[in-house]
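Participant: Give me a model of this one.
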Amino acid sequence: MDALHNSSSESDPKQVLTSKECEPTNFRNNSHSVRILEDLQSLRQNEVLCDIRFETDDGCTTFGHKNVLMAASPYFRAMFKTRKIGKTGNNTVNIRKLDSTVLQLLLDYIYTGEIIVTKENVQVLLPAASLLQLDFVNDACVEFLQKQLDPLNCIDIRAFADLQNCTELLSSCEAFIKKHFLEVVKSDDFLSLSSDDVVKIISCNDLAVPYEEKVNKLQY
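Facilitator: Take a look at the predicted model:
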């Protein structure tokens, strides 16, 4: 018994800090989450411990981890909660609404927190991000298009925003058209607007035109 007591006493270190002014301190490793994501991405790329695979209609397959995808996307969270994926040996999901390129971009974003938006991919990224409920990517696409607005493309971007039911981008386009109306009205794309849309635009009090009669001519 004495030997056990002596062994316990020797293993317990003497408390060296006894001051009442010594307060607990919280330490945060700012690179911890980044490293975890990097390791998870490496596991995914090497198909290690992946418990879900996606097949797209273009014949490509990509892999992932359900826990990671559920944490990042409400779409995947709902999918994996309602479908018995993995319980019956079926770990494959066919994603018919996305092609493999855009799916890969969005999975890379989930695992890295980074996305590259370009003029070539923005029109497929935005609806795909909306489908998967990846708000950051959706907002990034909107911001990218907002920065590209000019008198020659604002009508087409407005039509795209309307098609995607993207109210923020639609509002930005309409504000741009009103501000640069005299330039926009010279473009061929202005003729593609419906009569209702034209009336809506020219009826605004904040339409940037120097003379009201220039607008009145458009009403006839």
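
Participant: CA atoms for contacts and neighbours, from now on please.
Facilitator: OK.

Participant: Trp206 against Lys178, yeah?
Facilitator: Residue 206: Asp, not Trp. Yes: using CA atoms under 8 Å, Asp206 is in contact with Lys178, at 7.1 Å.

Participant: Which of the two has more residues huddled nearby?
Facilitator: Lys178 (20 against 11; other CA atoms under 10 Å).

Participant: Give me the pLDDT value at the more buried one.
Facilitator: Reading off the confidence values, Lys178 has pLDDT 89.

Participant: Asp189 touches Arg158, doesn't it?
Facilitator: No: using CA under 8 Å as the test, Asp189 is too far from Arg158 to be in contact (10.8 Å).

Participant: So between those two, which is more surrounded?
Facilitator: Arg158 (23 against 15).

Participant: SS state for the more buried one?
Facilitator: helix (DSSP: H, G, I helix; E, B strand; the rest coil).

Participant: what's the answer for Thr62, then?
Facilitator: Going by three-state DSSP: Thr62 is strand.

Participant: contacting residues for it?
Facilitator: 53-55, 104 (CA atoms under 8 Å, 6 or more residues apart in numbering).

Participant: swap the cut-off to 10 Å and go again
Facilitator: Neighbouring residues of Thr62 by CA atoms under 10 Å, 6 or more residues apart in numbering: 44-45, 47, 50, 52-56, 92, 100, 103-104, 107.

Participant: Restricted to helices, list those.
Facilitator: 44-45, 100, 103-104, 107 (DSSP state H).

Participant: Need those residues in CSV (columns: distance to Ile115, pLDDT and neighbour count).
Facilitator: Formatted as CSV, those follow (distance: CA to CA, whole Å; pLDDT from 0 to 100; neighbours: other CA atoms under 10 Å):
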residue, distance to Ile115, pLDDT, neighbour count
Arg44, 17, 97, 20
Gln45, 17, 96, 14
Ser100, 16, 94, 20
Leu103, 12, 97, 21
Gln104, 11, 97, 15
Leu107, 10, 98, 20
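
Participant: Which member of the residues you listed is positioned nearest Cys60?
Facilitator: Ser100 (6.1 Å; CA to CA).

Participant: per-domain residue ranges of this protein.
Facilitator: 34-134, 149-220 (automatic domain parsing).

Participant: okay, the helix or strand in which Val124 is found in CSV with CA atoms only?
Facilitator: Here Val124 sits within helix 122-132, counting by DSSP states H and E. Taking Å, rounded to 0.1, in the frame of the first residue of the first chain, the C-alpha atoms of helix 122-132 are listed here in CSV:
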residue,chain,number,x,y,z
VAL,A,122,-19.6,31.6,-64.2
GLN,A,123,-22.8,30.8,-66.0
VAL,A,124,-22.7,27.1,-65.0
LEU,A,125,-21.2,27.8,-61.6
LEU,A,126,-24.0,30.1,-60.4
PRO,A,127,-26.9,27.7,-61.0
ALA,A,128,-24.9,24.8,-59.7
ALA,A,129,-24.0,26.6,-56.5
SER,A,130,-27.6,27.6,-56.1
LEU,A,131,-28.6,23.9,-56.5
LEU,A,132,-26.1,22.7,-53.9
